[in-house]
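Q: Next one to model:
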Amino acid sequence: MPWIYLVLAGLLEIVWAVGLKYTEGFTRLWPSVITGSAMTASVVLLAMAVKTLPIGTAYAIWTGIGAVGAVILGIVLFGDSASPLQLACVGLVVLGMVGLKLAGGAH
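A: Numbering: from 1, shown residues only. Presented below is the predicted three-dimensional model:
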């Protein structure tokens with residue numbers, strides 16, 4: 001169950017990271033409400049996950065999911081740059097997350 005919490009927390013991190021763009025500095029009500037709710041839920045789920053998982057592993061994976069998702073959605077939704085080097089670096093983040101799991105840093 002802690003891994004499910006962690007993945008959900010990471011997915012909600014993507015929601016709030018991308019949501020920040022839509023809040024326009026928290027001047028738009030509904031995007032701000034959605035973003036704030038996603039932030040809160042993401043941190044609560046992370047807290048639930050770290051009851052069992054090592055904090056360093058869980059935090060790295062949480063931020064990794066958020067970072068990779070934000071990069072991908074930035075490319076898709078906002079036309080952010082997607083150079084081969086940037087995509088390779090995103091691949092390294094994914095590799096790092098998989099490595100943390102496989103190295104036994106998590107239960």
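
Q: list the buried ones in the helix ranked longest in the chain?
A: What stands out as the longest helix in the chain, according to DSSP state H, is helix 55-78. Across helix 55-78, burial judged by 16 or more other CB atoms under 10 Å covers 57-58, 60-62, 64-74. In this view, the C-beta of every residue, glycine as well, is placed from N, C-alpha and C.

Q: Show me what it is in contact with.
A: 2, 6-7, 9-11, 13-14, 17-18, 21, 42, 46, 49-50, 80-82, 86, 90, 93-94, 96-97, 100-101, 105-106 (CB atoms under 8 Å, 6 or more residues apart in numbering).

Q: give me that answer again for 6 Å
A: 6, 9-10, 13-14, 17-18, 46, 49-50, 80, 82, 90, 93-94, 97, 100, 105-106 (CB atoms under 6 Å, 6 or more residues apart in numbering).

Q: same thing with stretch 40-54?
A: Contacts for stretch 40-54 (CB under 6 Å, 6+ apart): P2, Y5, L6, L8, A9, L12, E13, A58, W62, G105, A106.
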